[in-house]
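Undergrad: Compute the structure for the input listed below.
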Amino acid sequence: MLTCLAVTGRALRAARLARVPQCALSSPVVLHYRGLSSLPAVISARRGIVQASGDDAAAVAEDIPTVDADGNPLSKSAIKKLKKAAQVAAKKAQKKVAAAEATAAEAETESAEDEPPATYGFTDAGVIMSTIDKMDLRFTDVKEIGVAGGPGPGDKVLVRARLAKNRAQGNTCFLVLRTGALHTVQAVFFKDKATPAQSKQMIASLGGLTTESVVEVEGTLAEATVLGCSQSTVEIAISHVTLISAAEPKLPFEIEDAARSEAEVDASEKTDRPFPRLGQDLRLNNRWIDLRVPANNAVMTIQSATCQLFRESLLTQGFIELHTPKLVAGESEGGAGVFRTDYFGQTACLAQSPQLYKQMAIAADMERVFEIGPVFRAENSNTRRHLCEFTGLDMEMTLGHHYLEVIRVLHRMFVTIFEGLETRCAPQLASVRAQYPSAAPRCMPEPCVLHWEDAMEMLRRDGQEVSPFDDLSTPQERRLGELVAEQLGTDFYFLDRFPSEVRPFYTMPCPDDKRYSNSYDIFLRGEEICSGAQRIHCPRMLTDAIEARGVPLEPLQAYIDSMRYGMPPHGGAGIGLERLVFLYLNLDNVRKASMFPRDPNRCSP
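TA: Residues are numbered from 1 along each chain as shown. Below you'll find the model as predicted:
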């Protein structure tokens, strides 16, 4: 049902004072222009918007972060600068409201009584509740506008998008529409000589739209040079605009501020109008806004493509996909870092990995398996690279005689992922690298495998104090990565033959020296992204290894029993998706590669 309102200026002003909530009308409302004198006021009233005042600047200041991205307290000077920037933004918003009111007031002095009906219009759709099924409705893809094979000058388009920018001034209105975070197109409306009063009211209506609102724009494409938009050769001459969902006028932070690089923010500190530095908690508390930032949105697309390429590569190498339990009795790998829960009177935990089930699949004659699924680690690690919940990319396979067979499969898979990201996600990578500068990591065509003993010698020659049977510290990992990059010319390598004591109980020891193991880690830009090994497939040897670690046998009995009826030699690996993406893009924190990160201090949103 379509509700049409013909209202006088006095009635509109009364509606404005009443501040009618947007949900008050469930059917679409078409606001006709003839005799309409205060359209922006009605729009504001239906959204429940209270116009900005001097007190709003103080309210804005209350939301200023007091810590930086690493959780360190900001100085009084820095907080003062942020408050000043927020107050300036509030004043700008106040001026914008005043300008819209002035435009509406000017429109009141003009009469539409003698004008012909307008060929353009503005509609507030209200709350869309699936009352109409428009099967033939087709939206134009913004990224196709103005490119070869897509709609061009003279073509009619219908776009649903976010309102990224809104500039209504005098007799013109310019809207920048954004879809998918990366693609933008300009839409324009000018005062019409034949219908000056109605077109002035149209400009006032468009000027009252808040940024980040969802709108539908109909119009005709015209040639133009628009340097600030991704679709830079055309613009939309507006014929109709429909408000789908209004954004509140005050955002938690501005998309433009969140999209600046650290270098830009640092440089602005030397000016009298520094850009606000947005804290990590502010961003993560409003992650749905933060992910509208082009680079951050692109990271999620790259994460998705990484999973797809992982799956594609292993499927072409003869693997099948598994889905293993995430509620397990006992502990996946015998460690202490598990999340425990009650399971109908019994103690269970969230799986630390699908490791034991992958091996059981090998016992069930599934020769090559993989899984993409959640992994839980109750580790109180507040670092830039640790999460308490992440997505695991796991694989397991039978082998003939040596774990190097697994390394070759992994290397082929990673090359597929790296090359695929550079080709399939070129626009997203460009967006990320514009805000977070990096280059594609270097990778050799064949696996670069560095033995533990050789790695220790490299570090000793570099002046590092290392123990042959202790695990690497994070600084040692990074320094080793730098040495490998300098001496071997690669940012991606395998390190094998780890000391047995620092690996899980199911790791096969080296045949020449049991102090070392048939294990390997994969490093990217000097940090570990993957851990793997040949597994123990002899039940007696496995039982001895478990007992030697002091791990209870009972919760692992089914796992041990799966080895008793013939178990092929096998090996595999586990990869952390978020860490892989974070290091591939050379981001400063793994939380940027997680949609809604979970760490020791964050379990919401």
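
Undergrad: Please identify the helix or strand for K165.
TA: strand 156-169 (DSSP states H and E).

Undergrad: Go through that strand and flag the buried ones.
TA: V157, L158, V159, R160, A161, R162, L163, A164, K165, N166, A168 (16 or more other C-beta atoms under 10 Å). For glycine as for every other residue, the C-beta is placed from the backbone atoms N, C-alpha and C.

Undergrad: now, among those, which is nearest to D124?
TA: The nearest member of the buried residues of strand 156-169 to D124, counting by C-beta to C-beta, is L163 at 13.8 Å.

Undergrad: what sits against the closest residue in space to that closest one that isn't next to it in sequence?
TA: In space, and not counting its chain neighbours, L163 is closest to S213: 4.9 Å by C-beta to C-beta, 6 or more residues apart in numbering. Contacts for S213 (C-beta atoms under 8 Å, 6 or more residues apart in numbering) come out as R162, L163, L243, I244, S245, A246, A247.

Undergrad: can you tell me the helix or strand for the third one?
TA: Assigning secondary structure by DSSP H and E places L243 in strand 234-245.

Undergrad: contacting residues around that strand?
TA: Surrounding strand 234-245, the residues in contact under the criterion C-beta under 8 Å, 6+ apart are 43, 119-125, 128, 145-146, 152-153, 157, 159-160, 173, 175, 177, 185-189, 205-206, 209, 213-224, 226.

Undergrad: Now, of those residues, which are buried?
TA: 43, 120-125, 145-146, 157, 159-160, 173, 175, 177, 185-189, 205-206, 209, 213, 215-221, 224, 226.

Undergrad: Following element in sequence after the strand holding K165, please.
TA: Next along from strand 156-169, by DSSP H and E: strand 172-179.

Undergrad: Skip ahead from that next one and say which helix or strand is next.
TA: Next along from strand 172-179, by DSSP H and E: strand 183-190.

Undergrad: now, which of the contacts of strand 234-245 lie within strands?
TA: Among these, the ones falling in strands (DSSP state E) are 121-124, 157, 159-160, 173, 175, 177, 185-189, 214-223.

Undergrad: Could you check the pLDDT of A24?
TA: Per-residue confidence at A24 stands at 41 (pLDDT).

Undergrad: same thing with the one 4 residues further on?
TA: The per-residue pLDDT reported for P28 equals 44.

Undergrad: now do T347
TA: 89.

Undergrad: Who are the contact partners of G574?
TA: Shown in contact with G574 (C-beta under 8 Å, 6+ apart): S353, Q355, V375, G392, L393, D394, C530, S531, G532.

Undergrad: which secondary structure elements does the longest helix along the chain contact?
TA: Ranked by residue count, the top helix of the chain under DSSP state H comes out as helix 76-109. Contact here means 3 or more C-beta pairs under 8 Å, 6 or more residues apart in numbering; DSSP states H and E; on that basis helix 76-109 packs against helix 39-47, helix 54-62, strand 156-169, helix 196-207.

Undergrad: Kindly indicate which of the buried residues of strand 156-169 lies nearest A90.
TA: Distance to A90 across these (C-beta to C-beta) is lowest for N166, with 16.7 Å.

Undergrad: And stretch 379-394, how far out from the chain middle?
TA: Mean-position distance between stretch 379-394 and its chain equals 16 Å (C-alpha atoms, centre = their mean, to the nearest Å).

Undergrad: where exactly do the strands run in the stretch 201-350 of the chain?
TA: Ranges of strands in the stretch 201-350 of the chain, per DSSP state E, counting those that start in this stretch, are 214-223, 234-245, 320-321, 327-329, 340-343, 346-350.

Undergrad: closest to L495 out of the ones you listed?
TA: Of all these, strand 320-321 sits nearest to L495, with 28.1 Å by C-beta to C-beta.

Undergrad: what does the closest one rub up against?
TA: So strand 320-321 is contacted by R311, L315, M366, R368, V369, F370, E371, I372 (C-beta under 8 Å, 6+ apart).

Undergrad: Out of these, which comes closest to F253?
TA: When these are ranked by distance to F253 (C-beta to C-beta), I372 comes first, at 32.5 Å.

Undergrad: bridging residues for that closest one?
TA: In this entry, I372 is beta-bridged to L393, by DSSP bridges.

Undergrad: and if you look at I236?
TA: Taking DSSP bridges as the rule, I236 bridges to A187, L221.

Undergrad: Tell me how far it lies from F339.
TA: Here I236 is placed at a distance of 51 Å from F339 (C-beta to C-beta, to the nearest Å).

Undergrad: Which one's more surrounded, these two?
TA: Set I236 next to F339 and count neighbours by other C-beta atoms under 10 Å: I236 wins out with 27 against 14.

Undergrad: pLDDT at K80, what is it?
TA: Predicted confidence (pLDDT) at K80: the value is 79.

Undergrad: Let me see the confidence value for the residue of the chain positioned farthest from its centre.
TA: What lies farthest from the middle of the chain is D114; by C-alpha atoms, centre = their mean that is 52.9 Å. As predicted, D114 sits at a pLDDT of 80.

Undergrad: Let me see the contact set for the most centrally placed residue in the chain.
TA: In the chain, the centroid-proximal residue (C-alpha atoms, centre = their mean) is M300; its distance is 3.9 Å. Contacts for M300 (C-beta under 8 Å, 6+ apart) come out as L291, M595.

Undergrad: do you know how far it is from T316?
TA: Note on M300: its distance to T316, by C-beta to C-beta, is 25 Å.

Undergrad: do P605 as well
TA: Distance check for P605 against T316: by C-beta to C-beta, it reads 38 Å.

Undergrad: Flag the shaky bits of the stretch 51-200 of the chain, pLDDT-wise.
TA: The model of the stretch 51-200 of the chain has pLDDT under 70 over residues 51-63, 69-71, 100-112.

Undergrad: try it again with 50
TA: Along the stretch 51-200 of the chain, segments meeting pLDDT under 50 span 51-61.

Undergrad: Stretch 556-564: which residues count as buried?
TA: Applying 16+ other C-beta under 10 Å to stretch 556-564 flags L556, Y559, S562, M563 as buried.

Undergrad: Over to stretch 132-148?
TA: Of all the residues in stretch 132-148, those buried under the rule 16+ other C-beta under 10 Å are T140, V142, K143, I145, G146.

Undergrad: and which of those is nearest to I536?
TA: Nearest to I536 among these is K143, at 51.8 Å by C-beta to C-beta.
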